[in-house]
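# here's my sequence, what's the structure:
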Amino acid sequence: MEDDDVVMRVLIATGGAPHSDTAVRLGSRLAVQLAGSVTLLTVVKSESDHDRGIAVLQTAMGLLHEGVTAVATQVRYGHPAEEIVAEAQEGGYDLIVLGSRPQHDLVTRLLGSVARRVITHTACPVLVAKTEPAAMHNILICESGREPPLLERLTEQLPALLEPEIKITVLHVMSQIIAAPGVPEWQLHANAVELMAEHTPEGELLEHDVLLLTESQATPQAKVRHGLVVDEIVAEANSGVYDLVIIGAHTHTGAAWERLLLDDVSRSVVNQVAGAILVL
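Next up is the predicted model:
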């Protein structure tokens with residue numbers, strides 16, 4: 001952080017269910033890593049449910065990492081996704097952490113989960129804590145090729161995640177479906193080393209990220225997969241290697257079709273990745 005007096009503010013949403021408990025534990029661990037403060041938020045239907053909200057927050061307090069030193073609590077009334085977004089906007093938080101309920105019922109699949117709706121309606125980074133990894137030793141960053149690169153946004157918004165002992169894999173998916181016109185056939189089958197050696201646009205993106213990570217003392221590697229973007233990201237993310245997956249979603253630039261495509265990709269990835277996933 002550029003200013004030692006600036007404290008990262010982490011908003012952790014909880015409803016008291018097991019998936020929310022996972023969010024509280026993982027979110028508080030990250031708050032310690034980020035040297036940040038924590039606000040625990042629960043949303044209940046109306047003021048008549050206030051006492052139940054207080055009970056949820058008291059339970060969540062007992063789940064916080066012992067290293068958390070600054071904690072606030074908040075009860076809001078209304079729809080969970082709307083109130084989480086409102087709190088995030090009003091409070092100026094640097095990170096939102098929430099769990100993800102398994103989507104077994106038709107209504108949830110049709111209307112969308114709270115996590116996906118929060119991601120769609122806030123510009124703040126959102127961590128969906130589906131699981132609680134024992135440590136953050138391996139991170140997967142999924143670069144889409146958009147500007148600015150995802151790694152630059154991560155470095156600006158949450159630099160404390162790039163610790164020296166962390167191994168970071170930068171992934172780019174080469175898809176024949178969305179490849180630019182005139183891309184040589186060999187590039188659609190090339191690996192990361194070949195793309196970087198030939199200074200293709202994708203190779204330069206990967207090389208840029210590797211150099212940036214080397215400067216931050218993290219341990220980087222570049223990787224390319226070929227196929228459908230969502231399928232390849234999900235396959236890599238669910239390989240069992242990574243403790244955290246980072247994807248991009250928040251953008252207000254580019255053509256409308258590009259924004260819709262990115263939104264569709266991010267929703268599908270969030271839905272299918274089994275572990276903890278951070279959306280920037």
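
# so, low pLDDT: which residues of the stretch 101-250 of the chain?
Counting by pLDDT under 70, the stretch 101-250 of the chain shows low-confidence ranges at 102-112, 176-181, 250.

# hey, where'd the helices end up in it?
Taking DSSP state H, counting those that start in this stretch as the test, the helices found in the stretch 101-250 of the chain are 106-111, 114-121, 150-157, 192-197, 201-215, 229-237.

# just the ones you listed: most buried one?
With neighbours taken as mean count of other CB atoms under 10 Å, these reach their highest mean count in helix 114-121, at a mean of 21. All C-beta spots, glycine's among them, are computed from the backbone N, C-alpha and C.

# output the contacting helices and strands for that helix.
helix 80-91, strand 95-98, strand 126-128, helix 256-272 (3 or more CB pairs under 8 Å, 6 or more residues apart in numbering; DSSP states H and E).

# CA atoms of that helix as PDB?
Extracted in PDB, the C-alpha atoms of helix 114-121 (Å, rounded to 0.1, in the frame of the first residue of the first chain):
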ATOM      1  CA  VAL A 114     -26.500 -14.100  -4.700                       C
ATOM      2  CA  ALA A 115     -22.900 -14.400  -5.600                       C
ATOM      3  CA  ARG A 116     -23.400 -13.900  -9.300                       C
ATOM      4  CA  ARG A 117     -25.800 -11.000  -8.700                       C
ATOM      5  CA  VAL A 118     -23.300  -9.200  -6.400                       C
ATOM      6  CA  ILE A 119     -20.500  -9.700  -9.000                       C
ATOM      7  CA  THR A 120     -22.700  -8.300 -11.700                       C
ATOM      8  CA  HIS A 121     -23.700  -5.100  -9.800                       C
END
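
# re the thing from before, tell me which of the helices of the stretch 101-250 of the chain lies nearest to I96.
If you check each of the helices of the stretch 101-250 of the chain against I96 by CB to CB, helix 114-121 wins as the nearest, at 6.4 Å.

# hmm, who's touching that closest one?
Applying CB atoms under 8 Å, 6 or more residues apart in numbering, the contact partners of helix 114-121 are 13, 80-81, 84-85, 88, 96, 98-101, 112, 126, 128, 249, 263, 266-267, 270-271, 279.

# for the residue of the chain most remote from its centre, which residues are in contact?
For the chain, the residue at maximal distance from the C-alpha centroid (CA atoms, centre = their mean) is S48, at 33.9 Å. Applying CB under 8 Å, 6+ apart, we find S48 in contact with no residue.

# assign it to helix, strand or coil.
Here S48 is recorded as helix under DSSP: H, G, I helix; E, B strand; the rest coil.

# rewinding a little: got a quick PyMOL command for the buried subset of the contacts of helix 114-121?
The command below creates a PyMOL selection of those among the contacts of helix 114-121 that count as buried (16 or more other CB atoms under 10 Å):
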select buried, resi 13+80+81+84+85+88+96+98+99+100+101+126+128+249+263+266+267+270+271+279
